[in-house]
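A.B. asks: Sharing a sequence plus its predicted fold:
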Amino acid sequence: GGGGGAEPDAILPRGAVVRITGNNRTKGAIVGKVGVVRGAQTLGGWHEVVLRENRTLVRVQRNALEVLALGSPSSSSFEDHQRLLSAAVLSPRARRRRDKPKLPAGPPPRPSPGPAAASPPPAAHAHAHAHAHAHAHA
């Protein structure tokens, strides 16, 4: 253990959601209320909490607060939220588009020009016809 005083983690970040559990300095009227930390003073661990219920600003010590959710500075949390939102929207669509074409493994089939593709059957047919004709002749 080192020098006393409030540890950095004893101070809640702005935007943290807290419930007032109360200590011997807390007004009974606000005990049990939920609020959001608006600011804090390192000295004595006092926190300014805005009550959700009626937007009243109250000052409560850290040990009279129960943390429900740790917020983060509004600007960065907003950006993170946007990033998460866009990632959530984009990734499934991109994934679906990638999976859609059911191609066989290996090189994609080369489109062959019309005449070349059409020529084998007539040739085979002509050959068969000629063979039959020759057979009949013999």
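C.D. replies: Perfect, thanks for sending it. Numbering: from 1, shown residues only.

A.B. asks: Low-confidence ranges, this structure, go.
C.D. replies: 1-10, 71-104, 107-109, 112-138 (pLDDT under 70).

A.B. asks: 80 instead?
C.D. replies: Residue ranges of the chain with pLDDT under 80: 1-10, 71-138.

A.B. asks: which ones are touching the closest residue to Arg19 other than its chain neighbours?
C.D. replies: Excluding the flanking residues, the one nearest Arg19 by Cβ to Cβ, 6 or more residues apart in numbering is Glu66, at 4.6 Å. No exception for glycine: its C-beta is placed from N, CA and C like everyone else's. Residues near Glu66 by Cβ atoms under 8 Å, 6 or more residues apart in numbering: 18-21.

A.B. asks: try it again with 7 Å
C.D. replies: 18-19, 21 (Cβ atoms under 7 Å, 6 or more residues apart in numbering).

A.B. asks: if I pick Val67, what's in contact with it?
C.D. replies: By Cβ under 7 Å, 6+ apart, the neighbours of Val67 are 12, 16, 18.

A.B. asks: The second one and Gly106: what is the separation?
C.D. replies: Read it as Ala16. Remark: distance between Ala16 and Gly106 (Cβ to Cβ, to the nearest Å) = 57 Å.

A.B. asks: One more: the first one?
C.D. replies: Counting by Cβ to Cβ, the gap from Leu12 to Gly106 is 59 Å.

A.B. asks: Quick check: neighbours of the longest strand along the chain in the sheet, parallel or antiparallel?
C.D. replies: Secondary structure of the chain per DSSP state E: the longest strand is strand 34-41. Applying DSSP bridges, strand 34-41 is found paired with strand 17-20 (antiparallel), strand 46-51 (antiparallel).

A.B. asks: Indicate which one of those strands is closest to Val34.
C.D. replies: Distance to Val34, taken as Cβ to Cβ, is lowest for strand 17-20 among these, at 5.1 Å.

A.B. asks: got the CA coordinates for the closest one in CSV?
C.D. replies: Extracted C-alpha coordinates of strand 17-20, given in CSV (Å, rounded to 0.1, in the frame of the first residue of the first chain):
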residue,chain,number,x,y,z
VAL,A,17,-25.1,5.8,-14.1
VAL,A,18,-25.4,5.5,-10.4
ARG,A,19,-27.9,4.6,-7.7
ILE,A,20,-27.7,6.6,-4.4
